[in-house]
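[1] just to be clear, the model below is a prediction. Sequence and coordinates:
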Amino acid sequence: MKRRKIKRKVNFFTTLIILSVCYIGIYKFSQSSQVQNFMNEIIEVSGPSTTFIDSSLKAPNIKGQAAILMDASSGEILLKQDANSAFPVASMSKLMTEYIVQEQIQNGNIKWDDLVEISHSANNMDPQAVKIYVKDNDALTVRDLYSAMVISSANNATRALAEHVAGTEKRFAELMNKKAKEIGLSSKTNFVNSTGLVNTDGSENIMTAEDVAILAYQLLSDFPEVVETTNLLEYELAYDSTNLKNSNSMLYPENQDLYFNLVDGLKTGYTETAGYCFAGTAKQGDKRLISVVMGTKSDDARFRETYKLLSFGFDNL
């Protein structure tokens, strides 16, 4: 009899232990699943939470390091994602070079038909960098060089313009930083060259997405005719009749997944450190928007993310 009682107790406690172990296992599994789901949600979000002007609207998730959407008439920020952190900016730097060249022309210091000799330093840079095919000491007009810079992001054309304006690349970078302060860019922005390429010492231009947007806003406000060049699908150099293609894929109707008929600019950018970037602008009626996307993973991605921003802006704001 005692043995039966002892056996029942042993069976009871054994069952209790088994049930406890099962419960603990199920609880831990449940918790780990919740954690995994939470981690998956974090992985799916590519950057910090997005803030925007109307909290009742669902903002698009922009997959990149930083992004911003701005009203080009008022300068009001409509949406931003990590827009105040500085990142390498690649060829979006050329927006500042464009601004200074336009200002120099406006002030009468240089002219569109000035001939500019291509120096050895301008023509011999990173072999991977986008260039126009010219020889040292060839002479091209400011118009040709400017169009090559704006449309196809030619780096030797950009540096030739910088040297024409300031004498040296270093002095032109000083002009860029001076102008940045004048138009109210943050202290996080710093220019070391006219092109956005990485210097031989490893330094490169850095900007926040908000500063890129402010620079684009200032360029469009002071020199609205810039879109007459940025919206060209191609440009023929007067120098040798070379036909340059625009690096902005959103301009081409045949690019069905990327084409946005309202887009008419503004500047692409890419380096290994910056990723694929794009400062875009589009106009619908009297409403013009400026978008900036930084640090996307592919050429097409920067335009897809821009499409999200601009569509959101025109549909909701």
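    Nice, I can see it. Numbers count the residues shown, from 1 in each chain.
[2] list the contacts of residue 88.
    Residues near residue 88 by C-beta atoms under 8 Å, 6 or more residues apart in numbering: 198, 204, 205, 206, 271, 273, 274. Bear in mind the C-beta positions are built from the backbone N, C-alpha and C, glycine included.
[3] most surrounded residue in the residues you listed?
    residue 205 (30 neighbours; other C-beta atoms under 10 Å).
[4] per-residue confidence for that residue?
    What the model reports as pLDDT for residue 205 is 98.
[5] hang on, it packs against residue 192?
    Yes: applying C-beta atoms under 8 Å, one finds residue 205 in contact with residue 192, separated by 5.9 Å.
[6] take the contacts of residue 88 and lay them out in a markdown table including secondary structure and distance to residue 99.
    Output for the contacts of residue 88, formatted as a markdown table (DSSP: H, G, I helix; E, B strand; the rest coil; distance: C-beta to C-beta, whole Å):
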| residue | secondary structure | distance to residue 99 |
| --- | --- | --- |
| 198 | coil | 22 |
| 204 | coil | 19 |
| 205 | coil | 14 |
| 206 | strand | 18 |
| 271 | strand | 21 |
| 273 | coil | 24 |
| 274 | coil | 20 |
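[7] where in this protein is pLDDT low?
    Scanning the chain for pLDDT under 70 picks out 1-57.
[8] tabulate the CA atom coordinates of stretch 175-190 in PDB.
    Below are the C-alpha coordinates for stretch 175-190, written out as PDB (Å, rounded to 0.1, in the frame of the first residue of the first chain):
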ATOM      1  CA  LEU A 175      34.600  79.300 -52.400                       C
ATOM      2  CA  MET A 176      32.100  76.400 -52.000                       C
ATOM      3  CA  ASN A 177      32.400  76.400 -48.300                       C
ATOM      4  CA  LYS A 178      32.100  80.200 -48.200                       C
ATOM      5  CA  LYS A 179      28.900  80.100 -50.300                       C
ATOM      6  CA  ALA A 180      27.600  77.300 -48.100                       C
ATOM      7  CA  LYS A 181      27.800  79.600 -45.100                       C
ATOM      8  CA  GLU A 182      26.200  82.500 -47.000                       C
ATOM      9  CA  ILE A 183      23.100  80.500 -48.000                       C
ATOM     10  CA  GLY A 184      22.700  79.000 -44.500                       C
ATOM     11  CA  LEU A 185      23.900  75.400 -44.800                       C
ATOM     12  CA  SER A 186      24.800  73.700 -41.500                       C
ATOM     13  CA  SER A 187      28.300  73.400 -40.100                       C
ATOM     14  CA  LYS A 188      28.100  69.600 -40.900                       C
ATOM     15  CA  THR A 189      28.500  70.300 -44.600                       C
ATOM     16  CA  ASN A 190      32.100  70.500 -45.900                       C
END
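[9] any idea how far it is from the chain center?
    Centre-to-centre, stretch 175-190 and its host chain are 18 Å apart (C-alpha atoms, centre = their mean, to the nearest Å).
[10] what does stretch 114-121 give?
    On C-alpha atoms, centre = their mean, the centre of stretch 114-121 falls 29 Å from that of its chain.
[11] now the terminal residues of it, how far apart.
    End-to-end distance of stretch 114-121 (C-alpha to C-alpha, to the nearest Å): 20 Å.
[12] swap in stretch 174-191?
    8 Å.
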